[in-house]
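> the following block contains a protein sequence and its predicted model.
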Amino acid sequence: MRIPLSALVGMVFTGAFFLAAILAPLIAPYGMAEIVGGVWDPASGAHLLGTDAIGRDLLTRMIYGGQTTIFVASAATILSFTLGSVLGFSAAVAGGWVDQGLSRLVDLVMAIPALILALVILSVLPVTLTVLILVMGLLDATRVFRLARAVAVDITVMDYVEAARLRGEGWGWIIFREILPNALSPLVAELGLRFIFAVLFISTLSFLGLGVQPPLADWGGIVKENASGLVYGIPAALIPAFAIAALAISVNLVADWVLSRTTSLKGGRG
């Protein structure tokens, strides 16, 4: 199997981000909240990216911030795809009032902008990582539900699905053995996009003050902490923004390649 250069580059950068997140306590030069220098010290041998607005090592904050950002986004994406796909497939298979009930509930939630709804919910709940993951995952599951249901509706009319029904197979068999393999291609493509949207979403929440709370670090929070430095030409706030962009591009390069590898599954089981 020959891997295109673009996908290989995406794998390398994506793997580097995830590896750094996993090994954060081992590779970070200082403690996450440790003050080790002056305010916005320039890059040096002791601080490769300089220091932040209160004298913490910026490289250390970036490493731990990446760990938190990637963990929250990954967990929320897994939750949204698990819940959204199962409910979307179930609605397509069941039809009738089950389909109508789930679809109208999703329409109701999607009618409210996700960011506004998240801000309202987080303003009355304790902002912990668990709550953030649940809120992000449940809100994003509505988008996955729409995609999964649309794909499954087309698949449920195929002959092999009708044959499975005539054999007396239950919902579980039809969903996981008949529909899921043939819906894999669009879901894989959407997975990369939803992960990136989750990264942007948690970063936005943190920038607005209702995301990851201090002393924990995440990339959106680092932008917020150092935004005032831009007035003085301090680039500390731009570094996490660049990291978010680099992660988005690398993940999408991998997702595009995986989509091209799984496209043959769209037409049926064969």
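Alright, I've got the coordinates.
> now do the helices in the stretch 51-200 of the chain.
Here the stretch 51-200 of the chain has its helices, by DSSP state H, counting those that start in this stretch, at 58-94, 96-110, 114-124, 129-155, 159-166, 171-173, 180-207.
> got CSV for those helices, with mean pLDDT and distance to Pro4 too?
C-beta: built from backbone N, CA, C; applies to glycine. Below are the helices of the stretch 51-200 of the chain laid out as CSV (pLDDT from 0 to 100; distance: least, CB to CB, whole Å):
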stretch, mean pLDDT, distance to Pro4
helix 58-94, 93, 24
helix 96-110, 91, 35
helix 114-124, 92, 33
helix 129-155, 92, 25
helix 159-166, 79, 32
helix 171-173, 75, 36
helix 180-207, 87, 15
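> of all those, which one comes closest to Gly37?
Counting by CB to CB, Gly37 lies closest to helix 58-94 out of the helices of the stretch 51-200 of the chain; the figure is 9.6 Å.
> buried ones in that closest one, by neighbour count?
Going by neighbour count (16 or more other CB atoms under 10 Å), the buried part of helix 58-94 is 58-77, 79-81, 83-93.
> output the contacting helices and strands for that helix.
Packing partners of helix 58-94 (3 or more CB pairs under 8 Å, 6 or more residues apart in numbering; DSSP states H and E): helix 5-22, helix 24-27, helix 96-110, helix 129-155, helix 171-173, helix 180-207, helix 219-226, helix 238-262.
> and if we set it to 7 Å?
helix 5-22, helix 24-27, helix 96-110, helix 129-155, helix 180-207, helix 219-226, helix 238-262 (3 or more CB pairs under 7 Å, 6 or more residues apart in numbering; DSSP states H and E).
> so what's the gap between the first one and the chain middle?
To tie it back to what came earlier, the one meant is helix 5-22. Relative to the chain's own centre, helix 5-22 is displaced by 15 Å; criterion: CA atoms, centre = their mean, to the nearest Å.
> next: the longest one.
Computed by CA atoms, centre = their mean, the separation of helix 180-207 from the middle of its chain amounts to 5 Å.
> may I see the buried residues of that helix?
The neighbour-count check on helix 180-207 (16+ other CB under 10 Å) flags 180, 182-192, 194-207 as buried.
> what residues does the spatially most central residue of the chain make contact with?
Among the residues of the chain, the one closest to the centroid is Phe195, at 2.4 Å (CA atoms, centre = their mean). Phe195 is in contact with 73-74, 77, 251, counting by CB atoms under 7 Å, 6 or more residues apart in numbering.
> how does it look with 10 Å?
14, 70, 73-74, 76-78, 80-81, 140, 247-248, 251-252, 255 (CB atoms under 10 Å, 6 or more residues apart in numbering).
> try Gly95
So Gly95 contacts 153, 156 (CB under 10 Å, 6+ apart).
> state the distance from it to Phe89.
From Gly95 over to Phe89 the distance is 12 Å, taken as CB to CB, to the nearest Å.
> now the common contact residues for those two.
By CB under 10 Å, 6+ apart, the residues touching both Gly95 and Phe89 are 153, 156.
> buried residues in stretch 47-57?
Buried-residue list, stretch 47-57, by 16+ other CB under 10 Å: 47, 49-53, 56-57.
> burial of Glu225, as a residue count?
22 (other CB atoms under 10 Å).
> would you mark the buried spots in stretch 129-142?
129, 132-142.
> now, which of these sits nearest Leu230?
Taking the buried residues of stretch 129-142 together and measuring to Leu230 by CB to CB, the closest member is Leu132, at 26.5 Å.
> and the closest one, what does it touch?
68, 72-73, 75-76, 118, 122, 125, 201-202, 205-206, 210-213, 218.
> repeat that for 7 Å
72, 202, 211.
> roughly how far apart are it and Gly211?
Look at Leu132 and Gly211: by CB to CB, they are 7 Å apart.
> who touches both of the two?
Common neighbours of Leu132 and Gly211 (CB under 7 Å, 6+ apart) are Ile202.
> quick one on the thing from earlier: distance to Ala33 for the buried residues of stretch 129-142 - can I get that in TSV?
Formatted as TSV, these follow (distance: CB to CB, whole Å):
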residue	distance to Ala33
Leu129	16
Leu132	19
Ile133	22
Leu134	26
Val135	25
Met136	24
Gly137	28
Leu138	30
Leu139	30
Asp140	30
Ala141	33
Thr142	36
